[in-house]
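Novice: no sequence for this one, just the structure:
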């Protein structure tokens, strides 16, 4: 989440790096957990967290603020991705809940603007995960305008689901390692105009396949069926994801008391990616694999499902609304032109 900052920044330096060492990675992840518990929403996207856990990926940049008054502890973090030549550089940032209103967010945004000018064309987009008035106030004060909304929609998995009817010539099955290139190709074609999803590389796909949450049975493929054992081309896929139930305390160091108490987060299923090959569109395959995925999540004992969709993608919003989803929250993107 893009935090508020009402105080003018003081003389605290912003560190910058292409990669982070294990200690700083652990400190940033701990910061993300604290902010998530306070704000009720994760401050960084999955894409940033994936690369962060591996130390980073060039030419991305990590920005860190350490507060001398807090024992030089890490109190703020930002990530800059300068690689999108069409939309411009994008960034996400987080400030420790106990160190807000001290100018750290403004300081990070100023450093991000300088890096965007150095590494790209000077344009900068900022994400605020979760719609917050404070984030809007800071962005507006620094010359940014609201340009995009990404809705989170949810539905109960207790509610009735429509019947699954598989059309002739189509077979459903789970993912196998040999399917990776086909999934990547359909993803690129289906999301050619999407500013994030359509840019997935094989490295991006492989990073997700290595995640603990990945289950090949939850990546549902619709393939052309020739009536035998051999599959034809990949027509559509639905990649589900389970955000697992977790229990943790707020003793981040492991050597102190659990001051806030241990608490649990209930598991929730996600309609992670639904991709339909352009040549197979108009046959209802997106709806088909979505329904199969929702039934898969329900069979795993989950009670809720979520998804993300651009607010201006009216066709997708209409489809998901018809399947029982309703708006739950919104991520907002702000942009400042050169």
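Specialist: Cool, the structure landed. Predicted model only: the values in this text are computed from it and were never measured. Numbers count the residues shown, from 1 in each chain.
Novice: what lies in contact with the strand or helix carrying residue 182?
Specialist: According to DSSP states H and E, residue 182 maps onto helix 180-190. Contact with helix 180-190 is made by 175, 197-198, 200, 202, 205-206, 209, 219, 221, 233-234, 236-237, 239, 273, 275-278, as judged by Cβ atoms under 8 Å, 6 or more residues apart in numbering. Backbone N, C-alpha and C define where each C-beta goes, glycine included.
Novice: just the helices in the stretch 101-250 of the chain please.
Specialist: 104-119, 133-141, 180-190, 202-209 (DSSP state H, counting those that start in this stretch).
Novice: mean pLDDT lowest for which of those helices?
Specialist: Among the helices of the stretch 101-250 of the chain, helix 133-141 carries the lowest mean pLDDT, a mean of 88.
Novice: quick one: residues contacting residue 271.
Specialist: 238, 240, 290, 293-294, 305-307, 320.
Novice: where do the strands sit along this structure?
Specialist: Secondary structure of the chain (DSSP state E): strands at 14-17, 61-67, 73-81, 89-95, 124-128, 145-156, 170-174, 219-225, 231-243, 246-248, 263-265, 268-276, 304-310, 326-336.
Novice: which of the ones you listed sits most buried?
Specialist: strand 89-95 (a mean of 26; mean count of other Cβ atoms under 10 Å).
Novice: quick one: pLDDT of the closest residue to residue 316 other than its chain neighbours?
Specialist: Nearest residue to residue 316, sequence neighbours excluded (Cβ to Cβ, 6 or more residues apart in numbering): residue 309, at 5.0 Å. Reading off the confidence values, residue 309 has pLDDT 95.
Novice: against residue 172, how distant is residue 309?
Specialist: Going from residue 309 to residue 172 by Cβ to Cβ, to the nearest Å gives 23 Å.
Novice: just residue 310 next, same as before
Specialist: 27 Å.
Novice: if we can go back for a sec, nearest to residue 285, of the strands of the chain?
Specialist: Residue 285 lies closest, by Cβ to Cβ, to one member of the strands of the chain: strand 231-243, at 4.0 Å.
Novice: got the buried residues for stretch 194-201?
Specialist: Buried residues in stretch 194-201, counted by 16 or more other Cβ atoms under 10 Å: 195, 197, 199-200.
Novice: just the buried residues of the longest helix seen in the chain, please?
Specialist: Ordering each helix of the chain by length in residues (DSSP state H) puts helix 22-39 first. Judged by neighbour count using 16+ other Cβ under 10 Å, the buried positions of helix 22-39 are 24-25, 27-28, 31-32, 34-36, 39.
Novice: that one packs against which elements?
Specialist: Under the contact criterion of 3 or more Cβ pairs under 8 Å, 6 or more residues apart in numbering; DSSP states H and E, helix 22-39 touches helix 46-53, strand 61-67, strand 73-81, strand 89-95.
Novice: direction included, what does the longest one pair against?
Specialist: Pointing back at strand 73-81 there. strand 61-67 (antiparallel), strand 89-95 (antiparallel) (DSSP bridges).
Novice: rewinding a little: orientation of the helix holding residue 182 relative to helix 202-209 in degrees?
Specialist: 110 degrees (axes from the mean of the first three to the mean of the last three Cα atoms, to 10 degrees).
Novice: can you put the contacts of residue 271 in TSV and add distance to residue 334?
Specialist: Listed next are these as TSV, based on distance: Cβ to Cβ, whole Å:
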residue	distance to residue 334
238	31
240	31
290	31
293	32
294	33
305	29
306	23
307	23
320	25
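Novice: what's the closest of those to residue 150?
Specialist: Distance to residue 150 across the contacts of residue 271 (Cβ to Cβ) is lowest for residue 307, with 10.5 Å.
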